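S.K.: quick one: sequence and predicted model below, then my questions.
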Amino acid sequence: MVLGGIGCNDGPLPKLEGAVAISAGGQHACATLGDGTAACWGGNGSQELGSQARSMIEPRPVFVGGLSSAKLVAAGGLETCALLEDGTISCWGDNSWGQLGRGTTEPPSFSTPAPVAGLSGVLALAVSGPGEDDAFASGQDHFACALLTSGAVDCWGLSTHNEVGTADVHQITFPSPMPVAGVTSAVAVGLAVSGVCAVLSDGTVACWGSGFGGVLGEAEPSPGGDSPTPVMIAGLPGPALAVTGGIYHRCALLRDGTVWCWGSDVGREGLIGAGTATAGVIVRTPVAVSNLSGVTQISAGPFHTCAVRADGTVWCWGENDRGQVGGTPPHPALVPTQVVGVTGATAISSGKSFACALLGIGEVQCWGDDAAGELGDGATAAAPAAAPAFVVAPAAGS
């Protein structure tokens with residue numbers, strides 16, 4: 001028996017080693033390993049962990065069958081995709097809305113990685129993630145986007161808010177990649193809930209999809225309206241490196257290491273990270289996240305955001321009902337709060353109600369919700385762990 005990641009007879013389970021990239025999704029997460037393989041853990045209701053998983057929940061990582069040349073793996077809500085060394089993408093998991101990019105919505109789920117149809121020359125990959133392990137859960141997204149070496153962005157899947165970047169009102173499901181009109185010089189792409197943002201070569205940020213809560217900034221086409229075409233975000237004080245977002249907020253990491261956010265704080269959870277939480281107030285012009293500098297990477301969940309600093313520490317802000325910002329639940333963090341127990345971090349990824357950090361030594365730590373085994377420590381827990389847990393190694397033969 002395994003309890004809390006500890007074997008009764010064998011001592012602690014060995015830690016996962018050799019990770020080079022991580023991704024946290026709705027209720028599952030994945031680590032890409034240095035040998036081109038990948039291991040995933042957590043919820044598996046739609047086979048999003050891959051063909052090696054045998055249960056609806058896998059609290060210990062399992063290898064994804066059929067992957068041997070992965071550069072990175074992106075965990076979505078109910079689906080997962082891998083960017084391969086040859087610049088193509090393979091996906092598996094839920095396909096109800098064509099989010100596997102196979103050109104069809106059949107079968108409804110698929111456990112073995114298969115190529116996204118007609119897509120090559122991919123530089124980066126992002127898969128929508130915030131949501132529950134339920135194909136029809138409220139707030140669930142079902143789409144993905146690829147940044148191409150040409151600077152174009154292609155998206156596919158469900159597009160109820162024009163996430164795929166097309167104004168075709170007669171179609172909301174796009175099972176094959178569609179080029180986003182007007183994007184030709186992107187250098188980074190970040191997905192939010194029902195929306196997408198791209199960093200362009202000159203450091204400006206353009207977003208499309210949902211406009212609810214001011215997430216399209218000052219130039220949104222209509223108050224709260226969606227936009228199938230990219231809208232430039234005004235007010236950033238310098239060029240951006242990366243962009244991320246949740247349901248009601250978006251954040252940009254600038255080249256100077258600061259983070260600026262905009263949108264609204266619907267639940268008074270401190271989503272903007274500026275030290276205030278006023279329900280209903282819309283912030284269309286980006287504001288600086290308080291007391292945060294030297295940031296190298298950011299990642300947002302639906303209602304929280306985390307950042308890695310150059311010194312290897314991790315700082316999070318926003319909703320904390322499941323301990324996803326690393327503090328004491330349920331108190332939110334209105335300004336960035338250091339995640340105690342995480343040092344030497346090089347990358348961060350935020351899931352629905354949890355987050356994971358990649359350490360420079362190739363290990364992974366996760367914290368927050370563990371109801372579906374999201375922490376990857378070999379067990380599930382009803383209450384959030386008191387400290388970040390180390391993800392354990394896959395079992396032999398998985």
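M.R.: That came in fine, so what should we check first?
S.K.: for residue 90, pull up the helix or strand it's in.
M.R.: Taking DSSP states H and E as the definition, residue 90 sits inside strand 89-94.
S.K.: next secondary structure element downstream of that strand?
M.R.: Heading C-terminal from strand 89-94 (DSSP H and E), you reach strand 109-115.
S.K.: so, low pLDDT: which residues of the protein?
M.R.: Residues of the chain meeting the criterion pLDDT under 70: 1-10, 130-140, 169, 278-279.
S.K.: 80 instead, please
M.R.: 1-11, 129-141, 167-170, 220-224, 266-267, 276-280, 397-398 (pLDDT under 80).
S.K.: nearest spatial neighbour of residue 299, skipping sequence neighbours?
M.R.: Closest residue to residue 299 apart from its sequence neighbours, by C-beta to C-beta, 6 or more residues apart in numbering: residue 350 at 4.4 Å. To be clear about C-beta, it is placed using only N, CA and C from the backbone, and glycine gets the same treatment.
S.K.: I meant residue 289, not that one.
M.R.: The shortest distance from residue 289 to any non-neighbouring residue, by C-beta to C-beta, 6+ apart, is to residue 273 (3.8 Å).
S.K.: same question, residue 260
M.R.: Ranked by C-beta to C-beta, 6+ apart and with sequence neighbours excluded, the top spatial neighbour of residue 260 is residue 286, at 3.9 Å.
S.K.: for the one you found, give me its contacts.
M.R.: By C-beta atoms under 8 Å, 6 or more residues apart in numbering, the contact list for residue 286 reads 217, 233, 235, 236, 252, 260, 261, 262.
S.K.: how about residue 298?
M.R.: Each residue near residue 298 by C-beta under 8 Å, 6+ apart is listed here: 242, 244, 251, 253, 259, 305, 306, 307, 308, 348.
S.K.: how about residue 283?
M.R.: For residue 283, the contacting residues are 214, 261, 262, 263, 264, 272, by C-beta under 8 Å, 6+ apart.
S.K.: just the angle for the helix or strand containing residue 72 relative to strand 89-94, thanks.
M.R.: With elements taken from DSSP H and E, the one containing residue 72 is strand 70-75. With axes from the mean of the first three to the mean of the last three C-alpha atoms, to 10 degrees as the basis, strand 70-75 and strand 89-94 are set at 30 degrees to each other.
S.K.: who does strand 70-75 pair up with?
M.R.: Sheet pairing of strand 70-75 (DSSP bridges) gives strand 79-84 (antiparallel).
S.K.: surely residue 205 touches residue 233?
M.R.: Yes: counting by C-beta atoms under 8 Å, residue 233 is a contact partner of residue 205 at 4.4 Å.
S.K.: common neighbours of the two, please.
M.R.: 197, 252.
S.K.: correct me, but residue 302 touches residue 247?
M.R.: Yes: counting by C-beta under 8 Å, residue 247 is a contact partner of residue 302 at 4.8 Å.
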